[in-house]
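Trainee: return atomic coordinates for the entry below.
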Amino acid sequence: MLTFSSENNKVSPQQNKRYSDRLVPYIKHLQEVAKSKKYLAPESSIVLPNDSHAIKQVQRLAQTMSSRSLKYVIVIGIGGSNLGAKAVYDALYGHTDAYMLDRSPKLICLDTCDSASLESVVEYLKKNITSEDEYIINVISKSGATTETAANMAYLFQASAKKLPKFNSRIVLTTDRGSALWELGKEKDYPTLEMPKQVGGRYSVFSAVGLFPLACLGIDIGKLCKGAQWSIKQGLSERTDSNSSAMSAIALVNYYSKGGRIHDTFFFAPALETVGKWYRQLFAESLGKVPSNSKTREAISITPTVSIGSTDLHSMAQLYLANPSSRFTTFVSVKNSAHSQRLEASDWTNLVQGLKGQTMFGLMSTIYRGVVNTYTSKKMPFITIEMKEYSEFVLGALMQMKMLEVMFCAHLLGVNAFDQPHVELYKKEVRKLLE
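Mentor: Numbering: from 1, shown residues only. Below you'll find the predicted structure:
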């Protein structure tokens, strides 16, 4: 499903063995976590794709809430509470959703507190919704007290509850058991899905956080989880030379040890841009911390960036290629495309030699090969991931591979991949100001 190559990762055999020897005991620990089928360890997100009880619960509720008339799935949540579901939706439908006006249901995400955006969404919904079975509102907050989420829901409730039919009957909550949001669900009798306490938001895409809205959108969450299971099986192999997550982590940590500070994920597939944003949060929030054995108290500082081919070749390539050692790149491409129409001879194909007879997929593949050849000739460090196709299975495999990669990076760097102490600093200041 995913073809991984690390021949240009600039890791010597000796370095690879040293890192691999350090990873194997951790991989054995993850094997035990997966085998337990319980949410007890910080790494318990690897249990999610195999949790058939939770998956069936999500499917039942989605089936109950959905109908053929469903037009909009409105997710109110921020960060890990919406990025995973949005990444999958955008990869399958969202990139061209603006042009597919007849496609429904559509995903609408309310995350940041922007009054202009909120007002336009509310007016749009009031104009286009005529019955209660045309929309679902999924409020997602792990803590149950996320400022932006509470404010956005309060705004939507205040502006729409009286005008949208049976507003309260269309609300579903997703949160930790016992949170303030959980208690509100009990009080108001809102359907409430539990998020395992040990699973952080950025690792939650295969929990109810990601699966419920995706199921309502008609996306096959069973296949999504099967793809994740495929990557877990590969990623928990002690043979690191055939373990894509381990090899990717080793390459990134080795680059950092040599002074590298930027990791660019370069997608030659525009529909995957939100997957890049999901990974950006996963990477930065998991790794940007002071190692437990640090004497200088200096935090790990690898900045994750996202590039899109071929768009960013015309905006960022000068910077990238003029500084060949300044970043480590992961190229992500898609092997197959259903679009095979060839360009016929015309005034337009005559403008560029070789265009006649090309397919658009073939042209993108040629541009991609040209970029990879250029990076190789300039001795720029990179790895490649080729996706077999756009599908739930392959997306599940890619996202789970990346979550394991980040866990492995954290282990090698000596940081806790599952907390975010500095994120809490701004939240405390906001609460003080609000009070």
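Trainee: return the set of buried residues in stretch 154-165.
Mentor: Residues of stretch 154-165 classed as buried: 155-156, 159-160, 164 (neighbour count, 16 or more other Cβ atoms under 10 Å). In short, each C-beta sits where N, CA and C put it, glycine included.
Trainee: where along the stretch 101-250 of the chain do the strands fall?
Mentor: Assigned by DSSP state E, counting those that start in this stretch, the stretch 101-250 of the chain shows strands spanning 106-110, 135-140, 171-175, 192-194.
Trainee: could the ones you listed be laid out in a markdown table, adding distance to Leu217, mean neighbour count and mean pLDDT?
Mentor: Shown next, in a markdown table, are the strands of the stretch 101-250 of the chain (distance: least, Cβ to Cβ, whole Å; neighbours: other Cβ atoms under 10 Å; pLDDT from 0 to 100):
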| stretch | distance to Leu217 | mean neighbour count | mean pLDDT |
| --- | --- | --- | --- |
| strand 106-110 | 6 | 21 | 95 |
| strand 135-140 | 10 | 26 | 98 |
| strand 171-175 | 13 | 26 | 98 |
| strand 192-194 | 16 | 20 | 98 |
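Trainee: just give me the closest of the buried residues of stretch 154-165 to Ala87.
Mentor: Leu156 (23.0 Å; Cβ to Cβ).
Trainee: show me the contacts for that closest one.
Mentor: Residues in contact with Leu156, defined by Cβ atoms under 8 Å, 6 or more residues apart in numbering, are 74, 76, 110, 118, 122, 137.
Trainee: Thr349: which of the strands of the stretch 101-250 of the chain is closest?
Mentor: Here strand 106-110 is closest among those (Cβ to Cβ), at 35.6 Å.
Trainee: got TSV for the strands of the stretch 101-250 of the chain, with distance to Glu435 too?
Mentor: Listed next are these as TSV, based on distance: least, Cβ to Cβ, whole Å:
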stretch	distance to Glu435
strand 106-110	24
strand 135-140	23
strand 171-175	22
strand 192-194	27
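Trainee: check which helix or strand the residue of the chain positioned farthest from its centre maps to.
Mentor: No residue in the chain sits farther from the centre than Asp347, which is 41.7 Å out by Cα atoms, centre = their mean. Following DSSP states H and E, one finds Asp347 outside all helices and strands.
Trainee: can you list the domains in the protein?
Mentor: Annotated domains of the chain cover 2-32+239-413, 67-217 [automatic domain parsing].
Trainee: Tyr426 is nearest to which of these?
Mentor: Across the domains of the chain, closest to Tyr426 is domain 67-217 (Cβ to Cβ), at 10.0 Å.
Trainee: rewinding a little: looking at the buried residues of stretch 154-165, spot the one nearest Phe268.
Mentor: Looking across the buried residues of stretch 154-165 and measuring by Cβ to Cβ, the closest to Phe268 is Leu156, at 37.3 Å.
Trainee: pull out the buried residues from stretch 381-393.
Mentor: 381-387, 390-393.
Trainee: can you flag which of the residues you listed belong to strands?
Mentor: 382-387 (DSSP state E).
Trainee: which two in those residues are spaced the farthest apart?
Mentor: Using Cβ to Cβ, the two most remote members of those are Phe382 and Met387, lying 16.4 Å apart.
Trainee: got a markdown table for the buried residues of stretch 154-165, with pLDDT and distance to Ala228 too?
Mentor: Putting the buried residues of stretch 154-165 into a markdown table (pLDDT from 0 to 100; distance: Cβ to Cβ, whole Å) gives the following:
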| residue | pLDDT | distance to Ala228 |
| --- | --- | --- |
| Tyr155 | 95 | 34 |
| Leu156 | 95 | 32 |
| Ala159 | 93 | 37 |
| Ser160 | 93 | 35 |
| Leu164 | 92 | 35 |
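Trainee: format these as JSON lines; extra columns: distance to Leu193.
Mentor: As requested, the buried residues of stretch 154-165 are exported to JSON lines (distance: Cβ to Cβ, whole Å):
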{"residue": "Tyr155", "distance to Leu193": "23"}
{"residue": "Leu156", "distance to Leu193": "19"}
{"residue": "Ala159", "distance to Leu193": "25"}
{"residue": "Ser160", "distance to Leu193": "22"}
{"residue": "Leu164", "distance to Leu193": "22"}
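Trainee: go through those and say which is closest to Val334.
Mentor: Nearest to Val334 among the buried residues of stretch 154-165, counting by Cβ to Cβ, is Leu156 at 35.9 Å.
Trainee: ok, now how distant is that closest one from Ile108?
Mentor: The gap separating Leu156 from Ile108 is 10 Å, by Cβ to Cβ, to the nearest Å.
Trainee: which residues are common contacts for those two?
Mentor: Counting by Cβ under 8 Å, 6+ apart, the shared contacts of Leu156 and Ile108 are Ile74.
Trainee: thinking again about what came up before, what's the closest of the ones in strands among the buried residues of stretch 381-393 to Val430?
Mentor: For those, the nearest to Val430 is Ile385 (37.5 Å; Cβ to Cβ).
Trainee: what sits up against the top helix by length along the chain?
Mentor: Determined from DSSP state H, the single longest helix within the chain is helix 13-36. By Cβ under 8 Å, 6+ apart, the residues outside helix 13-36 that reach it are 11, 40-41, 43-44, 46-47, 50, 232, 235-238, 240-241, 243, 246, 249-250, 253-254, 404, 407-408, 411-412.
Trainee: what mean pLDDT does that helix get?
Mentor: Across helix 13-36, the average pLDDT comes to 97.
Trainee: quick check: buried residues in that helix?
Mentor: Within helix 13-36, judged by 16+ other Cβ under 10 Å, the buried ones are 15-16, 19-20, 23, 26-27, 30, 33-34.
Trainee: I'd like those laid out as JSON lines, including distance to Tyr190.
Mentor: Below are the buried residues of helix 13-36 laid out as JSON lines (distance: Cβ to Cβ, whole Å):
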{"residue": "Gln15", "distance to Tyr190": "53"}
{"residue": "Asn16", "distance to Tyr190": "51"}
{"residue": "Tyr19", "distance to Tyr190": "47"}
{"residue": "Ser20", "distance to Tyr190": "48"}
{"residue": "Leu23", "distance to Tyr190": "43"}
{"residue": "Tyr26", "distance to Tyr190": "40"}
{"residue": "Ile27", "distance to Tyr190": "41"}
{"residue": "Leu30", "distance to Tyr190": "35"}
{"residue": "Val33", "distance to Tyr190": "32"}
{"residue": "Ala34", "distance to Tyr190": "33"}
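Trainee: kindly list the main-chain dihedrals of Ile302?
Mentor: Backbone geometry at Ile302, expressed as degrees, to the nearest 10, gives phi -110, psi 120.
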